[in-house]
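>>> Next come a sequence and a model predicted from it.
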Amino acid sequence: MDHSIRPESTPGEVRAADNDRRYRSSLEWESKFFRDTAALVERTSAAMNLDPNIIQRLLTPQRALVVSCPVRMDNGAVRNMIGYRVQHNNARGPFKGGIRYHEDVNLGEVSALSMLMSFKCGVAGIPLGGAKGGIRVDPRQLSSQEKQRLTRRYTVEILDFIGAESDIPAPDMGTDAETMAWLMDTYSEMKGHTVPSVVTGKPLNLGGSKGRTEATGFGVAHTIAAAAEHLGIELPNKRVAIQGFGNVGSYAARKLSSMGMKVISVSDVNGGIHNPDGLDINHLLKYVAIRGSVQGYPRADTLSNEELLLLDTDVLVPAALGGVIDAHVAQRLKCRILAEGANGPVTAEGNDVLVQRQDDIFVVPDVLANAGGVIVSYFEWVQGLQSFFWNLEEINERLFRILQEAFNECINFKNKFHTDMRSAALMLGIHRVSEAMLARGLFP
Ligand code: NAD
């Protein structure tokens, strides 16, 4: 059977579409984000003339676990919260993926994110599979003690699913190094010995890697630089707007401003701020460290999250939630480069518009733009298994080299198959995952 990548549709595409229709009639993963992601993967795989059996397997996670976590709140009441761990594909290596705490987390979202992780690891060329986890809770409503109790209970509930050789969680929205320390401690207590490599994104004094905290944001900045070079754009003094000023957004802002760009607007869940002359990012970071939000920052005007997306700017970085760029927003975007710090910031309808507008707007898709996080997580995992740690220069040099190679490879796919950047990146990821599946064969 021919598994090579071909640009034109073939009977394989038709077969794949049939499989997918059957698949989509199952309700387990029902959510718009999952349907959109699966449909895109299906279209891309079919255009590659992949074996329909492989496509069918890629369109559904290998395993999904739903748990309920009863937690004693500070006021004495017990609250039950629902959590998930979804493992999409481990053909290339152990499952890997972040854990999200957010009030909208659901099985469909976590499953879609796990699927993107498989292909992100494929794009980066690292020997890991795709997974994702999460708990449906607004972490801002929890005290630190409540968050710790919830994390420990969730860890016990997913204990048999995770492990240093099987499935390695990391931080995502609403979780951080402290959360990973609690998870690692709980796992280690249950196993009776310390297992640092069960998570990445840990604090440095527990075997975390230098450069991990900033890796995703810095990686986003690096892919923007690669895109600018590809387009012949000089970055100094060019304007950038960033939605979300958490881990990814704030480190991207730091790096881009150190590269001479003007960060003219940033936002968080409370809304955005705007200064057309450029924000002083170091000053803003100090303000946010005290106030907990960009809101009220004195050296800027205010604007809404949607207004931020529509600013006339050279580079736009969505670095918060998924699904913020629908067809209506995509039609009105005024940026030259769209670099997706967030996972899934563009809906399927938004993507259709962006494909039409690809000569105006160069998209660096999520599986490429934010891959820096999982790349340095991979470094952390390798360093932990060897108990031998690298310095920051080695880490950043390796990170940027891998991202640059991934960017170049995506451009090669884009040119070879006359397609858009998102499809090219997915093709690369799917190609690498499916090659591993075919090489391993079907068990039993
Ligand atoms: P975070 O929790 O550190 O920050 C999230 C930011 O988004 C905060 O500023 C928050 O106020 C803002 N936000 C939340 N809801 C919002 C809303 N409705 N409108 C506007 N802003 C809102 O999370 P993070 O780790 O920076 O993750 C951000 C995105 O990047 C997510 O999509 C995540 O999946 C993706 N990502 C993160 C990593 C990582 O290493 N942390 C890696 C890859 C991708």
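Perfect, I can see it now.
>>> Pull the number of nearby residues for the residue in the chain that the ligand sits nearest to.
Across the chain, no residue is closer to the ligand than G246, which sits at 1.8 Å (C-beta to the nearest ligand atom). Heads up, the C-betas are built off the backbone N, CA and C, glycines and all. For G246, the neighbour count with other C-beta atoms under 10 Å is 17.
>>> now it: how far from G217?
As for G246, its distance to G217 is 9 Å (criterion: C-beta to C-beta, to the nearest Å).
>>> any residues in contact with both of these two?
The contact sets of G246 and G217 overlap at A319 (C-beta atoms under 8 Å, 6 or more residues apart in numbering).
>>> If I look at W29, what pLDDT would I see?
Here the pLDDT value assigned to W29 is 81.
>>> Kindly report the same for A164.
Value for A164, per-residue pLDDT: 97.
>>> Alongside the ligand, which residues does the protein contribute?
Contact residues, the chain versus the ligand (C-beta under 6 Å from any ligand atom): 171-174, 216, 243-249, 267-269, 305, 319-321, 341-343, 370, 373.
>>> where does the chain have its least confident helix or strand?
helix 11-24 (a mean of 52; mean pLDDT, DSSP states H and E).
>>> What about the closest residue to L333 other than its chain neighbours, how many residues nearby?
In this structure, L333 finds its nearest non-sequential neighbour in I361, 6.1 Å apart by C-beta to C-beta, 6 or more residues apart in numbering. Look at I361: counted by other C-beta under 10 Å, it has 18 neighbours.
>>> again with G133
Neighbour count of G133, defined by other C-beta under 10 Å: 31.
>>> cool, T44 as well?
Neighbour count for T44, taken as other C-beta under 10 Å: 24.
>>> what about the strands in the chain?
With DSSP state E, the ranges of strands along the chain come out as 63-72, 78-89, 95-102, 130-136, 167-171, 239-243, 262-268, 271-274, 301-303, 315-318, 337-339, 362-364.
>>> Please state the offset of the longest one from the chain centre?
Just to be clear, that refers to strand 78-89. Computed by C-alpha atoms, centre = their mean, to the nearest Å, the separation of strand 78-89 from the middle of its chain amounts to 18 Å.
>>> Check the fourth one too.
Between the centre of strand 130-136 and the centre of its chain there are 11 Å (C-alpha atoms, centre = their mean).
>>> Skipping adjacent residues, who's closest to E109 in space?
E109 sits nearest to F33 (C-beta to C-beta, 6+ apart), 5.3 Å away.
>>> need the contact list for that neighbour.
By C-beta under 8 Å, 6+ apart, the neighbours of F33 are 108-109, 112, 322-323, 344.
>>> Of the residues of the chain next to the ligand, select the buried ones using a ChimeraX command.
To isolate the buried members of the residues of the chain next to the ligand in ChimeraX, using 16 or more other C-beta atoms under 10 Å:
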select :171,172,173,174,216,243,244,245,246,247,248,249,267,268,305,319,320,321,341,342,343,370,373
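>>> How is this structure partitioned into domains?
Domain ranges of the chain: 11-30+61-207, 213-369, per automatic domain parsing.
>>> how many neighbours does L392 have?
11.
>>> Just to check, L368 is in contact with L426?
No - L368 lies out of contact with L426 (C-beta atoms under 8 Å); the separation is 9.8 Å.
>>> Per-residue pLDDT of the residue nearest to G174 when sequence neighbours are not counted, please?
Spatial nearest neighbour of G174, excluding adjacent residues (C-beta to C-beta, 6+ apart): Y101 at 3.3 Å. For Y101, the model assigns a pLDDT of 98.
>>> and Y101, what does it touch?
Taking C-beta under 8 Å, 6+ apart as the test, what Y101 contacts is 134-135, 137-139, 147, 173-175, 179.
>>> Serialize those to TSV and add fields for pLDDT and distance to N282.
TSV is the format used below for the contacts of Y101 (pLDDT from 0 to 100; distance: C-beta to C-beta, whole Å):
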residue	pLDDT	distance to N282
G134	98	32
I135	98	33
V137	98	32
D138	97	30
P139	97	26
K147	98	29
M173	94	24
G174	96	25
T175	97	25
T179	98	26
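>>> Go through those residues and flag which are in helices.
Counting by DSSP state H, those place 147, 179 in helices.
>>> hang on, the earlier thing: could you identify which of the domains of the chain has the lowest mean pLDDT?
It's domain 11-30+61-207: among those, that one has the lowest mean pLDDT, namely a mean of 93.
>>> Centre of the chain to that one, how far?
Distance of domain 11-30+61-207 from its chain centroid, counting by C-alpha atoms, centre = their mean, is 13 Å.
>>> swap in stretch 255-263?
22 Å.
>>> List of residues touching that stretch?
Under the contact criterion C-beta under 8 Å, 6+ apart, stretch 255-263 has outside partners 214, 217-218, 220-222, 224-225, 235-242, 253, 277-279, 281, 314-315.
>>> try it again with 7 Å
Stretch 255-263 is contacted from outside by 217-218, 221, 224-225, 235-240, 242, 253, 278-279, 281, using C-beta atoms under 7 Å, 6 or more residues apart in numbering.
>>> quick check, nearest of those to G125?
Nearest to G125 among the contacts of stretch 255-263, counting by C-beta to C-beta, is F218 at 18.7 Å.
>>> show me the contacts for the closest one.
F218 touches 251, 255, 372, counting by C-beta under 7 Å, 6+ apart.
>>> 10 Å instead?
By C-beta atoms under 10 Å, 6 or more residues apart in numbering, the residues touching F218 are 211, 248, 251-252, 254-256, 258, 372-373, 376, 396, 399-400, 403.
>>> Please apply the same query to D360.
The contact partners of D360, taken as C-beta under 10 Å, 6+ apart, are 333-336, 354.
>>> now those residues: which count as buried?
The buried subset of the contacts of D360 (16+ other C-beta under 10 Å) comprises 333, 335-336, 354.
>>> I'd like those as a markdown table, with distance to L59 appended.
Converted to a markdown table, those look like this (distance: C-beta to C-beta, whole Å):
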| residue | distance to L59 |
| --- | --- |
| L333 | 29 |
| C335 | 32 |
| R336 | 34 |
| L354 | 23 |
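>>> right, and the pair among these with maximum separation?
Most distant of the buried ones among the contacts of D360, by C-beta to C-beta, are R336 and L354, 12.7 Å apart.
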